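J.: Sequence and predicted structure, then a few things I'm wondering about:
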Amino acid sequence: MVAYYKTVESRLTQIDTLEPGCWINMIRPDEKEILAVSQALELDPSFLQAALDEEESSRIEVEDEATLLVVDIPYSEEQKDGSVLFSTLPLAIVVTHQNVITVSLEETSVVHDFTRGAVKNVNTSLKTRFTLNLMLRAAGKYLLHLRQIEKISSKIEGELYKSLRNEELIQLLTLEKSLVYFSTSLKSTETTLEKLLRGRILKLYEDDQDLLEDVIIEFKQAIEMAEIYSSILSGTMDAFASVISNNLNIIMKVLTVITILMTIPNIVFSFYGMNVQDMPLPYTWAPVVISLVVTGLVWLLLKKKHLY
């Protein structure tokens, strides 16, 4: 899919054709669309194909008057069981002499916020500023998703205290994997932005320089949050694996105590069931009384020793 947007009267408006100063948004484009756009802008088609590989790493590439910036942006998807899967997707931003092109495999919340007008003061003719606004929005989404992961993990922790199953631990493992993806993507993107700041790859005015520094600060904050949450989550998983094991041990201990207490009446009644003459106590009530007394004494002993 290919869509064209341009700032008209301070508002981002979708237009029908490619024009100078417009933003070209490409989501999972096919070969015909890639060829058409690359020919219209005299671009290397590989620039537009860069983000179509899910394993594409963050990087900067310059060729003639076109600059390719590949970054990883956060992506969330709700599963059939109601859980949320957090991951990252590569986003290619191609800055040419007159246009900005974005290419991605899926429509992410970062790009969608721009297309639906949620981001204010967007000017597609200011290509560097527009690119940095995309990056700033991506950093904000990272922080948002990290807070969501923290809330989900806290909710699961509350269930783990009384859990004897592995489902909660599996959910925490999924969150930990998401944090690894986030942390890796954030660090590689931060390195790319640092190169952008030092390398004079894009023309940066003073306001652009300040905005880029703000973007880098946001990414560094997201990196710190991801590392903290990952460390906490890892410790939590280890702790609650022990909690689950301890809960099982408690159940086994209770069952063992019950077995011991139930064995005592069985022994007494078995003794009185023997074919032996002249038992010291009557057959009717004596076994019951003896069983109750001995069972009570054993229970008190176990209670005193904190074994029950």
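T.: Now that the structure is in, tell me what you want to look at. Numbering: from 1, shown residues only.
J.: would Ser38 count as being in a helix?
T.: Yes. Counting by DSSP: H, G, I helix; E, B strand; the rest coil, Ser38 is located in a helix.
J.: Just to check, it is in contact with Pro45?
T.: Yes. Ser38 is within contact range of Pro45, at 4.4 Å (criterion: Cβ atoms under 8 Å). Yep, even glycine has a C-beta here, placed from its N, CA and C like the rest.
J.: Which one's more surrounded, those two?
T.: Relative neighbour count places Ser38 above the other of Ser38 and Pro45, with 18 against 13, counting by other Cβ atoms under 10 Å.
J.: Can you give me every residue that contacts that one?
T.: Residues counted as contacts of Ser38 (Cβ atoms under 8 Å, 6 or more residues apart in numbering) are 44-45, 47-48.
J.: run the last query once more with 6 Å
T.: Ser38 makes contact with 45, 48 under the criterion Cβ atoms under 6 Å, 6 or more residues apart in numbering.
J.: likewise the one 3 residues further on?
T.: Listed by Cβ under 6 Å, 6+ apart, the contact partners of Leu41 are Thr96.
J.: Would you map the strands across the stretch 51-200 of the chain?
T.: Per DSSP state E, counting those that start in this stretch, the stretch 51-200 of the chain has strands spanning 59-63, 66-78, 84-95, 100-104. These are given in chain order.
J.: to the chain's geometric centre, what's the distance from whichever strand or helix holds Lys32?
T.: According to DSSP states H and E, Lys32 maps onto helix 31-41. Shown here is helix 31-41, whose average C-alpha point lies 35 Å from the average C-alpha point of the whole chain (Cα atoms, centre = their mean, to the nearest Å).
J.: what do you get for stretch 10-29?
T.: Between the mean C-alpha point of stretch 10-29 and the mean C-alpha point of its chain there is a distance of 31 Å (Cα atoms, centre = their mean).
J.: got the CA positions of it in CSV?
T.: Only the C-alpha atoms of stretch 10-29 are listed here, as CSV (Å, rounded to 0.1, in the frame of the first residue of the first chain):
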residue,chain,number,x,y,z
SER,A,10,-0.8,23.5,8.8
ARG,A,11,-2.7,20.2,8.6
LEU,A,12,-1.4,16.9,7.3
THR,A,13,-3.6,16.0,4.4
GLN,A,14,-3.7,12.9,2.2
ILE,A,15,-3.3,13.6,-1.4
ASP,A,16,-3.8,11.5,-4.5
THR,A,17,-0.4,11.8,-6.3
LEU,A,18,3.2,12.2,-5.6
GLU,A,19,4.2,15.9,-5.2
PRO,A,20,7.4,17.7,-4.1
GLY,A,21,7.4,18.2,-0.4
CYS,A,22,5.1,15.3,0.4
TRP,A,23,5.5,12.3,2.7
ILE,A,24,5.2,8.9,1.0
ASN,A,25,4.0,6.2,3.4
MET,A,26,4.6,2.6,2.1
ILE,A,27,3.2,-0.4,4.1
ARG,A,28,4.2,-3.8,2.8
PRO,A,29,4.7,-2.5,-0.8
